[in-house]
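S.K.: Okay, here's the prediction I keep looking at, along with the sequence it came from:
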Amino acid sequence: MTSSQSDPSVGLCSRCRFARVTRSARGSSFWRCGKADEDPAFARYPSLPVVRCGGFVAAEAPPTEGG
Ligand code: SF4
């Protein structure tokens with residue numbers, strides 16, 4: 001997946017620079033909002049898909065794993 005593509009089941013987080021994704025061995029993906037670390041107004045694990053978010057900033061690269 002490139003940064004210009006979004007995952008409809010994830011929504012905005014799939015192309016947000018603050019998103020962190022962890023993939024389990026069974027293939028599940030867990031999306032964490034890195035913005036929540038600095039701003040408690042954001043949920044650490046937002047309900048997906050995120051269709052609107054005031055913190056969204058387009059990522060230049062796909063979300064990093066872990067974190
Ligand atoms: S700032 Fe919004 S769009 Fe970005 S990772 Fe957090 S919840 Fe998702």
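M.R.: Done, it's in. Keep in mind that what you see is a predicted model, and the values were worked out from it rather than measured.

S.K.: For the worst-scoring helix or strand of the chain on mean pLDDT, which outside residues touch it?
M.R.: Counting by mean pLDDT, DSSP states H and E, the chain has its least confident helix or strand at strand 64-65, which shows a mean of 76. Residues external to strand 64-65 that are found in contact with it (C-beta atoms under 8 Å, 6 or more residues apart in numbering): 20, 21, 22, 23. No exception for glycine: its C-beta is placed from N, CA and C like everyone else's.

S.K.: pLDDT of stretch 29-37, averaged?
M.R.: Mean pLDDT, stretch 29-37: 96.

S.K.: CA atoms only: put it into PDB for me.
M.R.: Only the C-alpha atoms of stretch 29-37 are listed here, as PDB (Å, rounded to 0.1, in the frame of the first residue of the first chain):
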ATOM      1  CA  SER A  29      -4.000  -5.100  12.600                       C
ATOM      2  CA  PHE A  30      -4.200  -2.800  15.600                       C
ATOM      3  CA  TRP A  31      -4.200   0.900  14.900                       C
ATOM      4  CA  ARG A  32      -2.900   3.300  17.500                       C
ATOM      5  CA  CYS A  33      -3.100   7.100  17.400                       C
ATOM      6  CA  GLY A  34       0.300   8.600  18.200                       C
ATOM      7  CA  LYS A  35      -1.400  12.000  18.600                       C
ATOM      8  CA  ALA A  36      -3.000  10.600  21.800                       C
ATOM      9  CA  ASP A  37       0.400  10.600  23.400                       C
END
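
S.K.: and that stretch, which residues are buried?
M.R.: When neighbours are counted by 16 or more other C-beta atoms under 10 Å, the buried residues of stretch 29-37 are found to be 31, 32, 33, 34, 35, 36.

S.K.: show me where pLDDT drops low in this structure?
M.R.: Within the chain, the ranges that satisfy pLDDT under 70 run 1-4, 67.
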